[in-house]
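A.B. asks: Any chance you could fold what I've pasted below:
(chains A and B)
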There are 2 protein chains.
Amino acid sequence: MTTKQSTGIILFAHGSRDPNWRLPFEAILDHFQKSHAQPAALAFLECMQPSLSEAIDKMIDSGIHEIRVVPVFLAVGSHVRKDLPILLEQARARHPQLSITATAAIGEQPAIQAAIAEFALSVI
Amino acid sequence: MTTKQSTGIILFAHGSRDPNWRLPFEAILDHFQKSHAQPAALAFLECMQPSLSEAIDKMIDSGIHEIRVVPVFLAVGSHVRKDLPILLEQARARHPQLSITATAAIGEQPAIQAAIAEFALSVI
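C.D. replies: Next comes the predicted model:
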């Protein structure tokens, strides 16, 4: 029997055929891991590995009992509104005893919106 | 003859068939306009109006001689690397006397990456 461990964070992004597309997400993960010992991983909807299902199952295999998925999307379209809930439901069906939840998309956060506006101000 | 006016900022995003998808971009524009009197507008690559060409031409019609396009994309794939330069070249061909340039994508900025990582930390 494993004891309850800390919450795992999965940064969930769209994915691309372009291998360099993932670099900003690697950088976000680096920022996260520099500030916090919490388990964290990337996952992608399309074209890139690991998939969200793979990332969730790997975290759970490592003994984590609670997962928060952070949709690293600027806005909510069908990927966040339809695809993500289906993937979460599938993960909960595989692991019914665990807590697997998602936050709002990062682009909906006023702090992120303000940071983007601040960058736009800085380039004038 | 018009005199040189201030730089116009265009926040350039992907676009979606979902009309609510644009809400975070409207919020970013609001943040920008609350902090700064600089002319600013949204533009979209696909599915939403105005297009980048329309937004550029409208700003130039209003007397602005210098435009900075901010790609509000989390990462650089073909939209930022291929589609955007073509649109900028077309705009420069229509307005050869003006300065029309683009910044790096917002997801490449360490401050934005840090803001996203901070949000992920806040949800644990």
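
A.B. asks: shaky segments in chain A?
C.D. replies: A:1-5 (pLDDT under 70).

A.B. asks: For the residue positioned nearest the centre of it, grab phi and psi.
C.D. replies: Geometric centre of chain A, nearest residue: residue A:11, 2.0 Å, by CA atoms, centre = their mean. Per-residue torsions, residue A:11: phi -90, psi 110 (degrees, to the nearest 10).

A.B. asks: what sits against it?
C.D. replies: Taking CB atoms under 8 Å, 6 or more residues apart in numbering or on different chains, we find residue A:11 in contact with A:25, A:28, A:29, A:32, A:40, A:41, A:42, A:43, A:70, A:72, B:116, B:120. Heads up, the C-betas are built off the backbone N, CA and C, glycines and all.

A.B. asks: Can you tell me which of the residues you listed is nearest residue B:49?
C.D. replies: Among the contacts of residue A:11, residue A:72 lies closest to residue B:49 (CB to CB), at 26.3 Å.

A.B. asks: Pull the number of nearby residues for the closest one.
C.D. replies: Residues contacting residue A:72 under the criterion other CB atoms under 10 Å in any protein chain shown number 27.

A.B. asks: Which parts of chain A are helices?
C.D. replies: Counting by DSSP state H, chain A has helices at residues A:23-35, A:52-61, A:78, A:84-94, A:110-122.

A.B. asks: What lies in contact with the third one?
C.D. replies: By CB under 8 Å, 6+ apart, the list of residues contacting helix A:78 from outside reads residue B:18.

A.B. asks: Leaving out the residues flanking it, which one is nearest to the residue of chain A most remote from its centre?
C.D. replies: Centroid-distance maximum for chain A: residue A:124 at 32.1 Å, with CA atoms, centre = their mean. In space, residue A:124 comes closest to residue B:7 once its chain neighbours are excluded; the distance is 5.1 Å by CB to CB, 6 or more residues apart in numbering or on different chains.

A.B. asks: Since that was my last question, I'll sign off now.
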